[in-house]
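**Student:** what follows is a protein structure lacking sequence information:
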């Protein structure tokens with residue numbers, strides 16, 4: 001896992017978690033990265049409004065745009081600047097190197113899913129019991145230790161592949177929509 005800041009510094013991690021706890025600040029980062037690092041506050045506000053109101057930029061009203069613009073300018077921008085994720089020069093926003101390297105290291109778990117760590121723990125428990133039962137002969141004859149082991153390795157390989165795809169989707173890159181909005185669409 002790439003580190004955002006000094007991995008030893010708990011304070012820096014806490015600051016990053018706090019900054020990223022707001023969906024609007026995450027959306028600002030997505031919008032800036034979508035613009036390849038540098039854009040205007042107006043363009044960011046329009047894009048964030050489009051995501052939040054779930055409509056194309058062309059259909060955003062001036063009231064909706066202004067509400068988002070004001071919120072970003074007065075509340076969220078300072079937190080992104082303080083965290084070292086964005087620099088501001090007038091109306092121009094530029095993501096820092098830290099923001100460009102920023103992967104979402106908080107696992108976003110949709111309501112109907114379980115965290116990967118819990119999933120893997122469950123797999124390990126089931127695998128351990130299955131191997132134990134196979135070893136002592138409590139499973140049918142067709143289920144030897146070798147067969148159980150092959151099944152467990154197959155399930156682990158498929159799970160790891162799914163985890164890799166999911167992790168790659170959860171990045172602050174220049175994708176069209178923020179990962180959390182894309183995750184909502186798939187449920």
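**Tutor:** Structure received. Computed from a predicted model, the values in this text were never measured in an experiment. Numbers count the residues shown, from 1 in each chain.
**Student:** residue 31 contacts residue 48, correct?
**Tutor:** Yes: counting by CB atoms under 8 Å, residue 31 does reach residue 48; the two are 5.9 Å apart. Glycine gets a C-beta too; all of them are placed from N, C-alpha and C.
**Student:** which one's more surrounded, the two?
**Tutor:** Legend: neighbour count by other CB atoms under 10 Å for residue 31 and residue 48, higher for residue 48 (26 against 23).
**Student:** quick check: that one vs residue 125, distance?
**Tutor:** According to CB to CB, to the nearest Å, residue 48 and residue 125 sit 42 Å apart.
**Student:** let me know the pLDDT of the residue nearest to residue 41 when sequence neighbours are not counted.
**Tutor:** Once flanking residues are discounted, residue 41 sits nearest to residue 91: 5.0 Å by CB to CB, 6 or more residues apart in numbering. The model reports residue 91 with a pLDDT of 83.
**Student:** what number of residues lie near residue 91?
**Tutor:** 12.
**Student:** in the protein, where's the longest helix?
**Tutor:** helix 145-169 (DSSP state H).
**Student:** which parts of that helix are buried?
**Tutor:** 148, 152, 166 (16 or more other CB atoms under 10 Å).
**Student:** tell me what it is packed against?
**Tutor:** Under the contact definition 3 or more CB pairs under 8 Å, 6 or more residues apart in numbering; DSSP states H and E, helix 145-169 sits against helix 116-136, helix 179-186.
**Student:** who touches the first one?
**Tutor:** Under the contact criterion CB atoms under 8 Å, 6 or more residues apart in numbering, helix 116-136 has outside partners 107, 139, 143-145, 147-149, 151-152, 155-156, 159, 163, 166.
**Student:** before we move on, what about stretch 50-58?
**Tutor:** Contacts of stretch 50-58 (CB under 8 Å, 6+ apart): 24, 27, 30, 46-47, 49, 59-60, 64, 68, 177-178, 181.
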